[in-house]
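Visitor: Here you go, sequence then predicted model.
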Amino acid sequence: MLQLPRKITNDVDLVDPLRRYLRSEAKKGNGGGVWSSIFGGGKESSTEEHEDALAQFNDLRKRATSTSKSTAVVMKNLAKYFEQISYAESKFPVGDSIRVKFLWNNAFSRKKKKRSLNTLSEEKICVLFNMGCVHTELAIEADADALQEKARHFRLAAGVFAATKGFVVEEDVSKMNDLHTETLEMCEAISIASAQTCFYEKAVKAKMSPKTLCKLAMGCKSLFEDAISKAESTKIETKSHWISILSVQRYSFEAAAFYWRAQVEHDEARENGTGYGVEVARLVEALKFLDKAEEVSNMNYKGEDEVMEAVDNLRKKIKEMHETSETDNNSVYMESVPDADALKTIEAKVLVKPIAFDVLNELGSKEHGDDLFRSIVRSVREIF
């Protein structure tokens, strides 16, 4: 299970540029009385209402981009801010009549430098990207036994990254390669592979049959293999780093699949009186996959100690079974050990799909929130 890094941004003052735009539009209309209805003109309550909306929008961005609040709170604030941007982007020409610089870093860069984005649509894409990343954080933070919850967050993350691709098609975000289609596809693939991992671990804890476990493990292997392929097509600075992380997972799960399949083949050999050499060959290959996992592992990512500890534990189990099987075959059954190419292919069973993005799910609501700027924009349009 892998956590994806959020994009980091600077504080931005949205109040002043949006207020200046509204006042400018009102003056263009020479609307006297309408100006009064928007910004007071003796009606302090109206002034406070509109100023409060601007302040709320500005504060919502601060809370949505905070790194100090709890992950669950940040997710809710991101969803609220995303919703308000969706309302505001068609009403405020940010990037045209309104000048605002949204500074965001590249999530997959070691450099701290941030690039400037100039529209609310671009801002929305960054917010949506972070929602996907926060779902992976929530998955990692969930209780170790809450595997269903973990899987759900990873599936939600995959759906968010898929939705982000749709928004990216409509905007030019080429200057940020963490928002390229290829990178978003990598993030989606990592998330769905992590979700499958949750189901595999749940099946192991439930002591499901080796026949089922080998298929689920091979499903994990195939999904991480797909994530590697996606990572290879990206232009991110840390490409080799992520390929290494994903490769450890890929080889570990193939080793696990071969380990469980060897148990199936052991039972079949006992029933049929033949096939012990196949069991030995399967375990030999499983150990080779773990050797590959260790070869590509590096110590530069958080959580690798835990991952490599799992690899070592799996190696101990496979090695113990291999030594017993090899000894029995050499002293009792004396069957030839086939080459790896002669082993039957293990079917991959994938149980997970992305959950389609819906901001209402993120808000935990059946209805959308009120548009903060509904009354302001209506008043300005009445001028013309």
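Guide: Right, received. Where do you want to start?
Visitor: Please give the element, helix or strand, for K292.
Guide: helix 276-296 (DSSP states H and E).
Visitor: residue contacts, R152?
Guide: 195, 355 (CB atoms under 8 Å, 6 or more residues apart in numbering). Every residue, glycine included, has its C-beta placed from N, CA and C.
Visitor: which residues touch the helix holding K292?
Guide: Helix 276-296 is contacted by residues 244, 247-248, 251-252, 254-256, 258-259, 261-262, 265-266, 269, 308, 311, 314-315, 318-319, 321-322, 325-326, 328-329, 333, 335-340, 342-343 when judged by CB under 8 Å, 6+ apart.
Visitor: quick one: which of the residues you listed sit in helices?
Guide: 244, 247-248, 251-252, 254-256, 258-259, 261-262, 265-266, 269, 308, 311, 314-315, 318-319, 321-322, 325-326, 328 (DSSP state H).
Visitor: Filter those residues down to the buried ones and hand me the ChimeraX line.
Guide: Only the buried members of the ones in helices among the contacts of helix 276-296 enter the following ChimeraX selection, criterion being 16 or more other CB atoms under 10 Å:
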select :244,247,248,251,252,254,255,256,258,259,261,262,265,266,269,308,311,314,315,318,321,322,325,326,328
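Visitor: coming back round to it: quick one: average confidence on the helix holding K292?
Guide: Computed over helix 276-296, the mean pLDDT rounds to 94.
Visitor: in it, what counts as buried?
Guide: Under 16+ other CB under 10 Å, the buried positions of helix 276-296 are 276-287, 289-290, 292-293.
Visitor: Now T238. Nearest residue, chain neighbours left out?
Guide: F108 (5.0 Å; CB to CB, 6 or more residues apart in numbering).
Visitor: pretty sure that neighbour belongs to a helix, no?
Guide: No - applying DSSP: H, G, I helix; E, B strand; the rest coil, one finds F108 to be coil, outside a helix.
Visitor: Could you pull up phi and psi at it?
Guide: Main-chain dihedrals, F108, degrees, to the nearest 10: phi -110, psi 30.
Visitor: Could I get the pLDDT score of it?
Guide: 91.
Visitor: so it makes contact with S240?
Guide: No - with contact defined as CB atoms under 8 Å, F108 does not reach S240; the gap is 11.4 Å.
Visitor: With neighbour numbers in mind, choose between those two.
Guide: F108 (23 against 13; other CB atoms under 10 Å).
Visitor: which residues of the stretch 51-200 of the chain fall in helices?
Guide: With DSSP state H, counting those that start in this stretch as the definition, the stretch 51-200 of the chain shows helices at residue ranges 71-88, 120-141, 147-169, 181-205.
Visitor: So which of those is nearest K366?
Guide: Taking CB to CB, helix 71-88 is the member of the helices of the stretch 51-200 of the chain nearest to K366, at 13.7 Å.
Visitor: Next, the angle from that closest one to helix 120-141.
Guide: 160 degrees (axes from the mean of the first three to the mean of the last three CA atoms, to 10 degrees).
Visitor: Buried residues of helix 71-88, list them for me.
Guide: 74-85, 87-88.
Visitor: Can I get it in PDB, CA atoms only?
Guide: The C-alpha trace of helix 71-88 is given here as PDB (Å, rounded to 0.1, in the frame of the first residue of the first chain):
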ATOM      1  CA  THR A  71      -6.200  14.500   7.300                       C
ATOM      2  CA  ALA A  72      -9.900  13.900   7.500                       C
ATOM      3  CA  VAL A  73     -10.500  17.700   8.100                       C
ATOM      4  CA  VAL A  74      -8.300  18.600   5.200                       C
ATOM      5  CA  MET A  75     -10.300  16.300   2.900                       C
ATOM      6  CA  LYS A  76     -13.600  17.900   3.900                       C
ATOM      7  CA  ASN A  77     -12.100  21.400   3.400                       C
ATOM      8  CA  LEU A  78     -10.700  20.400   0.000                       C
ATOM      9  CA  ALA A  79     -14.100  19.100  -1.100                       C
ATOM     10  CA  LYS A  80     -15.800  22.400   0.100                       C
ATOM     11  CA  TYR A  81     -13.200  24.500  -1.700                       C
ATOM     12  CA  PHE A  82     -13.400  22.400  -4.900                       C
ATOM     13  CA  GLU A  83     -17.200  22.900  -4.900                       C
ATOM     14  CA  GLN A  84     -16.900  26.700  -4.400                       C
ATOM     15  CA  ILE A  85     -14.300  27.000  -7.200                       C
ATOM     16  CA  SER A  86     -16.700  25.100  -9.400                       C
ATOM     17  CA  TYR A  87     -19.300  27.800  -8.700                       C
ATOM     18  CA  ALA A  88     -16.900  30.700  -9.000                       C
END
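Visitor: and that helix with helix 147-169, angle?
Guide: Using the same axes, to 10 degrees: helix 71-88 against helix 147-169 is 30 degrees.
Visitor: Would you mind pulling up the elements that helix 71-88 packs against?
Guide: Contact partners of helix 71-88 among helices and strands, from 3 or more CB pairs under 8 Å, 6 or more residues apart in numbering; DSSP states H and E: helix 44-64, helix 120-141, helix 359-363.
Visitor: Just put the ones you listed in JSON lines and tack on distance to V350, mean pLDDT and mean neighbour count.
Guide: Listed next are those as JSON lines, based on distance: least, CB to CB, whole Å; pLDDT from 0 to 100; neighbours: other CB atoms under 10 Å:
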{"stretch": "helix 44-64", "distance to V350": "33", "mean pLDDT": "77", "mean neighbour count": "16"}
{"stretch": "helix 120-141", "distance to V350": "18", "mean pLDDT": "95", "mean neighbour count": "24"}
{"stretch": "helix 359-363", "distance to V350": "23", "mean pLDDT": "86", "mean neighbour count": "17"}
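Visitor: Kindly reformat these as JSON lines containing distance to R23.
Guide: Output for these, formatted as JSON lines (distance: least, CB to CB, whole Å):
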{"stretch": "helix 44-64", "distance to R23": "11"}
{"stretch": "helix 120-141", "distance to R23": "19"}
{"stretch": "helix 359-363", "distance to R23": "31"}
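Visitor: a markdown table please, covering the helices of the stretch 51-200 of the chain and showing distance to L54.
Guide: A markdown table is the format used below for the helices of the stretch 51-200 of the chain (distance: least, CB to CB, whole Å):
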| stretch | distance to L54 |
| --- | --- |
| helix 71-88 | 11 |
| helix 120-141 | 14 |
| helix 147-169 | 25 |
| helix 181-205 | 32 |
